[in-house]
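Asks: Kindly generate the corresponding structure for this input.
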Amino acid sequence: MVTRHRRRLPGGQPGGQPAPRTRAARERRARRTPLRGGRPRRLRLAEALSRPGEHRRMSTRVLIVEDEPMIGRILTEKLTREGYAVTRAASIEELTAHLPSTDIALVDATLDGDGIDAMLGLARAGVRPRAGWFAMLENRAAEDGGRAVRAGAAGVILKPFKPTAVAAKVATLLAAAPA
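Replies: Numbering: from 1, shown residues only. This is a model prediction of the structure:
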């Protein structure tokens, strides 16, 4: 009969990863649960609200103006998971209707007509999102980025994009906006 021995790693733990050496690493490891494959546990609502800025994020209204349903759905799912209240619009008429009650807008520049011109016209009329807006442009139409910034956009999001990067831009704009 052959006896199998478990290999011990530095730190005295059998198999797996060595024991964390720093206090921060030990705390990170303690927050993980073995039932979730070592992934960090999800925060409960009370914990999320106790973090600075989380309450503000949960009450932020984001308007996504996109005529391509797939892109609109992906952005809606990501920003909703991040804790934002998301409204979708597919035309300039819907943009005009929803914009006064919006904190941040993501506007496709290639809407029916021109999304940048529509935002410029609304800004001249005194209608704009509270924190600001981003222009979403096709990569081949990147020269419209300067026109969007001159029209009042806080920045430009080039397609194709990663939803995580868009969520980070929205969070940055929200943090820079006056409370």
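Asks: and the longest strand anywhere in the chain, C-alpha only, in PDB?
Replies: Secondary structure of the chain per DSSP state E: the longest strand is strand 132-138. Provided in PDB are the C-alpha atoms of strand 132-138 (Å, rounded to 0.1, in the frame of the first residue of the first chain):
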ATOM      1  CA  GLY A 132     -23.100  66.200 -18.000                       C
ATOM      2  CA  TRP A 133     -23.200  64.000 -21.100                       C
ATOM      3  CA  PHE A 134     -20.900  61.800 -23.200                       C
ATOM      4  CA  ALA A 135     -21.100  61.400 -27.000                       C
ATOM      5  CA  MET A 136     -20.800  57.900 -28.300                       C
ATOM      6  CA  LEU A 137     -19.100  57.800 -31.700                       C
ATOM      7  CA  GLU A 138     -18.200  55.100 -34.200                       C
END
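Asks: Next secondary structure after that strand?
Replies: helix 144-150 (DSSP states H and E).
Asks: So which other helices or strands are in contact with the longest strand of the chain?
Replies: strand 104-108, helix 115-124, helix 144-150, strand 155-159, helix 163-176 (3 or more C-beta pairs under 8 Å, 6 or more residues apart in numbering; DSSP states H and E). C-beta here means a position set from N, CA and C on the backbone, and glycine is covered the same way.
Asks: Any idea which of these gets closest to residue 133?
Replies: Comparison of the helices and strands packed on strand 132-138 against residue 133 by C-beta to C-beta identifies strand 104-108 as nearest, at 3.9 Å.
Asks: That closest one pairs with which strands?
Replies: Strand 104-108 has its sheet partners listed here by DSSP bridges as strand 61-65 (parallel), strand 132-138 (parallel).
Asks: pLDDT averaged over it - what is it?
Replies: Per-region confidence: strand 104-108 scores 94 on mean pLDDT.
Asks: Can you list the neighbours in contact with it?
Replies: Outside strand 104-108, the residues that touch it by C-beta atoms under 8 Å, 6 or more residues apart in numbering are 60-68, 71, 75, 95, 99, 115-116, 118-119, 129-136, 153, 157, 166, 170, 173-174.
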